[in-house]
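S.K.: Got a predicted structure plus its sequence, pasted below:
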Amino acid sequence: KAMLLLKKKRFQEQLLDKTENQISNLERMVQDIEFTQIEMKVIEGLKIGNECLNKMHQVMSIEEVERIIGETQDAVEYQRQIDELLAGSLTEEDEDAILEELNTITQEQMELPEVPSEPLPEKVPEASPVKNRPKPELVAAS
């Protein structure tokens, strides 16, 4: 009877080992499937991204991009020139040209409209209630 119990114990231990191996294999398979699903999502995302890039390449040609970059550089240069003028970095020639233009403008005979000689009528303020509103406070920007 003891031998039969030992054989039964041994059989159950082998059965338990096989079951643990099968569970381990199943867990590994589940992990592999999950990883494969993640890989599929990544590949699908790459595929969609590639399609979007191809559509963008069809819409924008290299020549158009170069043209836009050139226009941007021209605009930056123009803005730099304006900044220099506003900063007062005028050359002597620029100042001479500006003064000459000012002199020609001020020396020209300008026809101004005639000013009326009669005195302006005085306005009589109407009696209307005026609400006193508090003045808004100015806050320094930071």
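M.R.: Done, it's in. Residues are numbered from 1 along each chain as shown.

S.K.: which residues touch the host helix or strand of residue 72?
M.R.: Here residue 72 sits within helix 62-86, counting by DSSP states H and E. Residues outside helix 62-86 that contact it (C-beta atoms under 8 Å, 6 or more residues apart in numbering): none are found. Where you see a C-beta, it was placed from the backbone N, CA and C, and this is true even at glycine.

S.K.: Report the separation between residue 77 and residue 94.
M.R.: Distance of residue 77 to residue 94, given as C-beta to C-beta, to the nearest Å: 17 Å.

S.K.: again with residue 49
M.R.: Distance from residue 49 to residue 94, by C-beta to C-beta: 52 Å.

S.K.: got it, and residue 6?
M.R.: Residue 6 sits 111 Å away from residue 94, taking C-beta to C-beta as the criterion.

S.K.: Do a quick rundown of the strands in this structure.
M.R.: For the chain, strands defined by DSSP state E do not occur.

S.K.: Could you list the low-pLDDT ranges of it?
M.R.: 88-90, 109-112, 124-142 (pLDDT under 70).

S.K.: Okay, domains of the chain per the record?
M.R.: For the chain, the domain assignment from the TED database gives the residue ranges 1-60, 61-105.

S.K.: Can you measure across the shortest one, start residue to end residue?
M.R.: The reference is to domain 61-105. Distance across domain 61-105, first residue to last, is 49 Å (C-alpha to C-alpha, to the nearest Å).

S.K.: circling back to that earlier point, reformat the domains of the chain as TSV; add mean neighbour count and distance to residue 118.
M.R.: Converted to TSV, these look like this (neighbours: other C-beta atoms under 10 Å; distance: least, C-beta to C-beta, whole Å):
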stretch	mean neighbour count	distance to residue 118
domain 1-60	10	68
domain 61-105	10	32
